[in-house]
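Asker: Below are the sequence and a predicted model for it; my questions follow.
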Amino acid sequence: MAAFGAVDMALWDIKGKLAGMPVYQLLGGKSREGALVYAHATGADLPDLMDSIAYYVDEGYKAVRVQCGIPGMPSASYAVPEKKGDIRNYITDYAGIRPKVEVWDTGKYMRYMPDALMEIRDHFGPDLHILHDVHHRLLPREAAEFAKAVEPAGLYWLEDPTPAEDQNALRLIRQHSTTPIAVGEVFNSIWECNRLIENELIDFIRVAVTYAGGITHVRRIVDLAGLHNVRTGFHGAPSHSPISMAAQAHLNAWAPNFGIQEYLVLGTSECNALFPSEHRMENGLMHVSEAPGLGVDFDEDEAGRYDYTPGSHPVVRLEDGTMWNY
């Protein structure tokens, strides 16, 4: 599906350039001027996380995903730095063939995180959109309990509370909590999420244009979701290049049932040299370029300056060494 997606995005780019129109016009035009994005705030502990959130709020973000270290956890949990102060644009280090090991303790997490989220809400007030990612690490009953416990924090969404291949698990969460649920970054087609959408077991669909067959296939998912009160929340991790993010930006501008877009800061000088474009982020909103096609180029000569560096995702183990869900 990633191969299909690459070809599909290229064809939409070519068609837009032939027509002299940005891709969103080929989809039917804009539904909004700017698309809400969220940043990744993180901290080795809760005070460190508070500093990270404050930094992004000062930068104009209206929505922030929050992750922090858990007291007594033997090592940093998902998307959390190992030392205090590494809070701006933090990205997990995947360098090296041998993966790092993260140690997970469900009990410590479930006892600590609901109160931590409530402290964040109390500190930043009702208007900030707060998101939190569990990264598939709870069993279904635990996920239902956790979703219920975090209701007072008023999350914008709770992401991947339990592995989504067991789709009945999401029904269990629905029966016990009204916390909005976002899943789908590991899905590659409409057939992996159609029942979740049709049964309204999720609130946000997290597929990415890169891995779900490109604009053509993802548009089908967006249309289906729109019939069932499910909004978009496309995946936007560092593994998605500015080309794929541009494709999602055009879908975000068009989709009537748009929700939010994950956004890791791409505007480094190196990134801008590799992928020049006029897409821009202002005051927490992504504004799509008016250039024909996808509105982003790729400088192959610039890319030749860089070598390939292999890397691996971390693996997760319980304290006794048991392999666990990443």
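Answerer: Here it is on my side, so go on.
Asker: Now do the lowest-mean-pLDDT helix or strand in the chain: which elements does it pack against?
Answerer: Scoring the helices and strands of the chain by mean pLDDT, DSSP states H and E places helix 269-274 at the bottom, with a mean of 88. Other elements packing on helix 269-274 under the criterion 3 or more Cβ pairs under 8 Å, 6 or more residues apart in numbering; DSSP states H and E are helix 300-303. Where you see a C-beta, it was placed from the backbone N, CA and C, and this is true even at glycine.
Asker: any chance you could map the helices in the stretch 151-300 of the chain?
Answerer: Per DSSP state H, counting those that start in this stretch, the stretch 151-300 of the chain carries helices over the ranges 167-176, 194-198, 214-226, 242-254, 269-274, 300-303.
Asker: Pairing partners for residue 68 in the sheet, please.
Answerer: Following DSSP bridges, residue 68 is listed with bridge partners residue 43.
Asker: What confidence value was assigned to it?
Answerer: Residue 68 carries a pLDDT value of 94.
Asker: Check whether it really touches residue 115, as I assumed.
Answerer: No. With contact defined as Cβ atoms under 8 Å, residue 68 does not reach residue 115; the gap is 11.8 Å.
Asker: What's the per-residue pLDDT of the closest residue to residue 163 other than its chain neighbours here?
Answerer: Closest residue to residue 163 apart from its sequence neighbours, by Cβ to Cβ, 6 or more residues apart in numbering: residue 136 at 4.7 Å. pLDDT for residue 136: 95.
Asker: ok, residue 136 - contacts?
Answerer: Contact analysis of residue 136 by Cβ atoms under 8 Å, 6 or more residues apart in numbering lists 160, 161, 162, 163, 164, 325, 326.
Asker: Can you give me the distance of it to residue 188?
Answerer: 16 Å (Cβ to Cβ, to the nearest Å).
Asker: same question, residue 307
Answerer: Distance from residue 307 to residue 188, by Cβ to Cβ: 29 Å.
Asker: Who has more neighbours out of these two?
Answerer: Higher neighbour count among residue 307 and residue 188: residue 188, with 19 against 5, using other Cβ atoms under 10 Å.
Asker: residues contacting the more buried one?
Answerer: Counting by Cβ under 8 Å, 6+ apart, residue 188 makes contact with 1, 2, 207, 211, 212, 213.
Asker: cool, and residue 41?
Answerer: Contacts of residue 41 (Cβ under 8 Å, 6+ apart): 49, 52, 53, 55, 56, 64, 65, 66, 67, 87.
Asker: most neighbours, which of those residues?
Answerer: Highest neighbour count within these, by other Cβ under 10 Å: residue 66, with 29 neighbours.
Asker: Can you tell me the SS state at the nearest residue to that residue once chain neighbours are set aside?
Answerer: Once flanking residues are discounted, residue 66 sits nearest to residue 41: 5.2 Å by Cβ to Cβ, 6+ apart. Per DSSP: H, G, I helix; E, B strand; the rest coil, the local secondary structure of residue 41 is strand.
Asker: Residue 41 and residue 57: what is the separation?
Answerer: Counting by Cβ to Cβ, the separation of residue 41 from residue 57 is 9 Å.
Asker: Common neighbours of the two, please.
Answerer: By Cβ under 8 Å, 6+ apart, residue 41 and residue 57 have these common neighbours: residue 64.
Asker: which residues of the protein fall in strands?
Answerer: Assigned by DSSP state E, the strands in the chain fall at 35-43, 63-68, 101-104, 129-133, 157-159, 181-183, 204-205, 231-232, 261-262, 280-282, 285-287, 315-318, 323-324.
Asker: mind giving me a markdown table with those and columns for distance to residue 24?
Answerer: Converted to a markdown table, the strands of the chain look like this (distance: least, Cβ to Cβ, whole Å):
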| stretch | distance to residue 24 |
| --- | --- |
| strand 35-43 | 10 |
| strand 63-68 | 21 |
| strand 101-104 | 39 |
| strand 129-133 | 23 |
| strand 157-159 | 24 |
| strand 181-183 | 23 |
| strand 204-205 | 19 |
| strand 231-232 | 14 |
| strand 261-262 | 14 |
| strand 280-282 | 15 |
| strand 285-287 | 11 |
| strand 315-318 | 39 |
| strand 323-324 | 41 |
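Asker: Cheers, nothing more for now.
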